[in-house]
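> The sequence and its predicted three-dimensional model are supplied below.
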Amino acid sequence: MIANIFTIVMLSLGCIFFIAGTLGLLRFPDVFCRLHALTKSDNLGVGLITLGLLPQVDSVSMAIKILLVWGLLLLTSATSCHLVARHERRRQLVEHDGNQHNKGINIK
Amino acid sequence: MFYFLSSLLLTGFWFLLTDGELTSLLVGVVFIPMSIFVSAKLSEKTDSANRTFYINIAKVPKFIWFFIYQSIKGGTDTAVRVFSVDMKLQPEFIHYSIKHLPGGSPMNLFMNVVSLLPGSVSVIREPTSVLVHVLTVTSSSLEDIYQCELAICELYRLDISSPSDNPSIKRVS
């Protein structure tokens, strides 16, 4: 009974953080801000859902599997966030340099 | 040693994911060595300093606690902004100068954990600093990044006695 209540509370909280992540994707103004929403809220959402599922598993190996999936998700989320941010920043710098170059040609 | 430990770890993962099915090794026998090869190649590429770092096992629980606490703080901070009407965003790029961390795996871990701190995402790694995107520049967000650096130093048993200034930043347009 207590385990079921714990699961319901954790899964509900996890879903709220997932909704926050998705809403952030829609509401935040640029790529970098959207990455904040996706990395932080979604990671917390996954963590809460993992915690909520743990009392429902029937074997230790299944519990380890769920924790392993959570760990891998954290790792991929943080790494892909960094890669997207780095790519976007480099794109911005190239675009900025291109604009400066074009301005120079126009002045000449 | 690297190959032996990787083989052991990945075979363990494989058996965990396949619930110990022996027949699944027909596929695993191809993919486990392939993963070890890719991992070795990537380590060669990234570990340019050729320095090995060891984790202090006794400090792992403290680091996990720090990580969980910061994840909750970061996730809640973002969710509160998303659900509020004005969101209070003043996004900026800052250069956070690294005080103690060397390159290699401690720096990689730092880059990943910074993205989970409240209001900050690591963008580009530079030789002595990290370009960080922040939702708003506050003293607490800088302090969090500095604390993260200290936590990783502690985890890797790195020397933090060298003189360092307070967390310093340079804003970038």
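Perfect, I can see it now. Numbers count the residues shown, from 1 in each chain, chains lettered A, B, ... in the order given.
> which residues touch whichever residue of chain B sits closest to chain A?
Going by Cβ to the nearest Cβ, chain A is nearest to B:Gly75 of chain B, at 2.8 Å. Where C-beta positions appear, they are placed from N, C-alpha and C, glycine not excepted. By Cβ atoms under 8 Å, 6 or more residues apart in numbering or on different chains, the contact list for B:Gly75 reads A:17, A:20, A:40-41, A:43-45.
> which residues of chain A fall in helices?
A:2-27, A:31-36, A:42-53, A:60-107 (DSSP state H).
> hang on, I meant chain B
Using DSSP H, helices in chain B cover B:2-17, B:25-46, B:60-83, B:105-114, B:139-155.
> how about those in a markdown table, adding mean pLDDT and distance to A:Leu83?
Below are these laid out as a markdown table (pLDDT from 0 to 100; distance: least, Cβ to Cβ, whole Å):
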| stretch | mean pLDDT | distance to A:Leu83 |
| --- | --- | --- |
| helix B:2-17 | 84 | 23 |
| helix B:25-46 | 84 | 14 |
| helix B:60-83 | 90 | 19 |
| helix B:105-114 | 87 | 11 |
| helix B:139-155 | 86 | 20 |
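> Comparing those, which comes out most buried?
Highest mean neighbour count of the helices of chain B: helix B:105-114, a mean of 20 (counted as mean count of other Cβ atoms under 10 Å in any protein chain shown).
> And for that helix, what's in contact with it?
Contacts for helix B:105-114 (Cβ under 8 Å, 6+ apart): A:75, A:78-79, A:82, B:46-47, B:53, B:67, B:70, B:98, B:101, B:120-122, B:125, B:130, B:132, B:145, B:148-149, B:151-153, B:155-156, B:158.
> nearest spatial neighbour of A:Cys33, skipping sequence neighbours?
Excluding its sequence neighbours, the residue lying closest to A:Cys33 (Cβ to Cβ, 6 or more residues apart in numbering or on different chains) is B:Pro91, at 5.5 Å.
> Tell me which residue is most central in chain A.
A:Thr39 (2.5 Å; Cα atoms, centre = their mean).
> and that residue, how far is that from B:Leu117?
As judged by Cβ to Cβ, to the nearest Å, A:Thr39 and B:Leu117 stand 10 Å apart.
> Next: B:Asp77.
The value you get for B:Asp77 to B:Leu117, if Cβ to Cβ is used, is 9 Å.
> One more: B:Ser6?
30 Å.
> Check B:Ser161 too.
Plainly put, B:Ser161 is 24 Å away from B:Leu117 if you go by Cβ to Cβ.
> More neighbours: the two, which one.
More crowded of B:Ser161 and B:Leu117, by other Cβ atoms under 10 Å in any protein chain shown: B:Leu117, with 23 against 6.
> check contacts around the more buried one.
Contacts of B:Leu117 by Cβ under 8 Å, 6+ apart are B:70, B:73-74, B:141, B:144-145, B:148.
> Give me the buried stretch members for stretch A:9-29, please.
Across stretch A:9-29, burial judged by 16 or more other Cβ atoms under 10 Å in any protein chain shown covers A:10-11, A:13-14, A:16-18, A:20-22, A:24-25, A:27-28.
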